[in-house]
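1. okay, sequence plus prediction incoming.
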Amino acid sequence: MILFLLTFLCLYGGINFYFFFRAGSIFQFSGFLRGLLLILIILLILAPVMVRILESLHQEQLAYLAAMTGYVWMAFVFLFFFLSVSLELIRIIHKLIVPGTGALTLKAVTFGFSAFLAAGLVVYGYIDAQRIRVKNLQITTDQVLPGNGKLRIVQISDVHVGIIIRNSRLNPLLDRIRESRPDILVSTGDLLDGELDNIMGEAIRFAAIKAPYGKFAILGNHEYYAGLEQSIAFIEAAGFRLLRDDVASVAGITIFGQDDITGRGWSDSNKREFFKKAMAEKRDGFVLLLKHQPRIDEWAHFDLHLSGHTHGGQLFPFGLITKLLFPQNYGLYELGPHKQLYVSRGSGTWGPPVRVFAPPEITVIDLIGKNS
């Protein structure tokens, strides 16, 4: 986590200073104003760290203000950077073709257009991040299922309940889950985000959602970052059965819940080996695997593997980057005969409360089998 933060702050700092120097080259700020803007840029770079410090000091209002300011700016400056670099390449090509055009004029145009378009995308993405979509899948199986042979599994992932995703921002998600009427509700990790002292009320809201055959959850990397004991307490208070390298059998199907790779140093190695052996065995009946990160274990036997983690990139064009790390970045993938993977874009946001061309979702999976 420390290595990740250092790498992130270095890259993020570089993008912010790119904006600072680009703006300075066009507007020619005075020495005093330039100094104030430099201090502001440094504070914005450090905002994610300040949020965690304020959370640990239980200064929730200040933490929320810092989070909203810092993270919305983060979305803006990331989008500005990619737009600006793209337009600057076009400007350079244009200058080679039409050398007489004033360099400062074109620089001002590309800067202004990049800033305007980035701001517009942030506004759009902030609104769109609260519009939960319902992704419907229908999967057939030869297995016998209860009742009329149809079982509805609803997947949520990467909700990131915390300083921003709470209270009214959870309403659209909870409404979509209730409207879907799940037989089984599963959470594939990162239900939580950061400081947990005053969010247990949100667990009660999740607990009010009923699923006749049960609610199951696994841990993501953020549960470990937030604090394992408190994360487990929240998940269980929300009415989920937590599967940490565990197996459950319900409604004629087998559910494997694999712990996130982040927790490998803290997990029981003997239990993990026993779990891997169980996953490697062929079983009768439909097998559902819950695993936060979409990393495929070729030796594992399952019918459907549900994951999240990637957010589908969350902010375009980060989907191109996450696809390099996770080839199965978003959507339904055929891994083999009767072996599928679905990677959710997730329901919440990490960092910026903004989604650009990667809308939030829940997944409604209708499993169609034989009538019992």
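-> The structure has been received and is ready for your questions.

2. isn't residue 163 right up against residue 193?
-> Yes: counting by C-beta atoms under 8 Å, residue 163 touches residue 193, with 7.2 Å between them. From N, CA and C alone the C-beta is placed, and that goes for glycine too.

3. what about those two, which has more around it?
-> residue 193 (25 against 22; other C-beta atoms under 10 Å).

4. for that one, give me its contacts.
-> Residues near residue 193 by C-beta atoms under 8 Å, 6 or more residues apart in numbering: 160-165, 222, 226, 348, 350.

5. for these, pick the one with the most neighbours.
-> Comparing the contacts of residue 193 by number of neighbours (other C-beta under 10 Å), residue 348 comes first, having 29 neighbours.

6. which ones are touching that one?
-> 158-161, 165, 173, 190, 193, 360.

7. swap the cut-off to 6 Å and go again
-> 158-160, 165 (C-beta atoms under 6 Å, 6 or more residues apart in numbering).

8. just the closest of those residues to residue 65, please.
-> Closest to residue 65 out of these is residue 165 (15.9 Å), distances taken as C-beta to C-beta.

9. and residue 92, how far is that from residue 84?
-> From residue 92 across to residue 84, the span is 12 Å (C-beta to C-beta, to the nearest Å).

10. could the contacts of residue 193 go into TSV alongside secondary structure and pLDDT?
-> Shown next, in TSV, are the contacts of residue 193 (DSSP: H, G, I helix; E, B strand; the rest coil; pLDDT from 0 to 100):
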residue	secondary structure	pLDDT
160	coil	96
161	strand	95
162	coil	91
163	coil	90
164	coil	92
165	strand	93
222	helix	92
226	helix	84
348	coil	96
350	coil	93
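
11. what residues of the helix or strand residue 231 falls within count as buried?
-> Using DSSP states H and E, residue 231 sits within helix 228-237. For helix 228-237, a neighbour-count test (16 or more other C-beta atoms under 10 Å) marks 230-232, 234-235 as buried.

12. if we can go back for a sec, between the contacts of residue 193, which is nearest residue 328?
-> residue 350 (19.1 Å).

13. correct me, but that closest one touches residue 159?
-> No: judged on C-beta atoms under 6 Å, residue 350 makes no contact with residue 159 at a distance of 10.3 Å.

14. how is the chain partitioned into domains?
-> Domain ranges of the chain: 2-128, 134-371, per automatic domain parsing.

15. point out the most buried one among those domains.
-> Greatest average neighbour count among the domains of the chain goes to domain 134-371 (a mean of 19), per mean count of other C-beta atoms under 10 Å.

16. that one: end-to-end distance?
-> Using C-alpha to C-alpha, to the nearest Å, the end-to-end distance of domain 134-371 comes to 26 Å.

17. distance from the chain centre to that domain, please.
-> Put simply, domain 134-371 sits 12 Å off its chain's centre (C-alpha atoms, centre = their mean, to the nearest Å).

18. what does the strand ranked longest in the chain contact?
-> When the chain is scanned for its longest strand (criterion: DSSP state E), the result is strand 133-145. Contact with strand 133-145 is made by 151, 176, 252, 285-286, 359, 361-370, 372, as judged by C-beta under 6 Å, 6+ apart.

19. can you do 8 Å?
-> Contacts for strand 133-145 (C-beta under 8 Å, 6+ apart): 151, 176, 179-180, 251-253, 284-286, 303-304, 332, 338, 340, 342, 344, 359-372.

20. show me the contacts for the residue nearest the centre of the chain.
-> In the chain, the C-alpha nearest the mean C-alpha coordinate belongs to residue 311, at 4.0 Å (C-alpha atoms, centre = their mean). Applying C-beta under 8 Å, 6+ apart to residue 311 gives the contacts 158, 322, 345-346, 349-350, 355, 358.

21. go on, residue 260?
-> 189, 218-221, 223-224, 292-293.

22. the helices in the stretch 251-372 of the chain, which residues?
-> 269-280, 318-325 (DSSP state H, counting those that start in this stretch).

23. out of those, nearest to residue 96?
-> Nearest to residue 96 among the helices of the stretch 251-372 of the chain is helix 318-325 (26.8 Å), distances taken as C-beta to C-beta.

24. CA atoms only: put the closest one into CSV for me.
-> Written as CSV, here are the backbone C-alpha positions of helix 318-325 (Å, rounded to 0.1, in the frame of the first residue of the first chain):
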residue,chain,number,x,y,z
PHE,A,318,-8.1,4.4,-17.9
GLY,A,319,-10.0,1.5,-19.2
LEU,A,320,-7.2,1.0,-21.8
ILE,A,321,-4.7,0.9,-18.9
THR,A,322,-6.7,-1.5,-16.7
LYS,A,323,-7.1,-3.8,-19.8
LEU,A,324,-3.3,-4.1,-20.0
LEU,A,325,-3.3,-5.3,-16.3
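
25. so for that helix, mean pLDDT?
-> Helix 318-325 comes out with an average pLDDT of 91.

26. can you list contacts of that helix?
-> Contacts for helix 318-325 (C-beta under 8 Å, 6+ apart): 78, 310-313, 329-330, 357-358.
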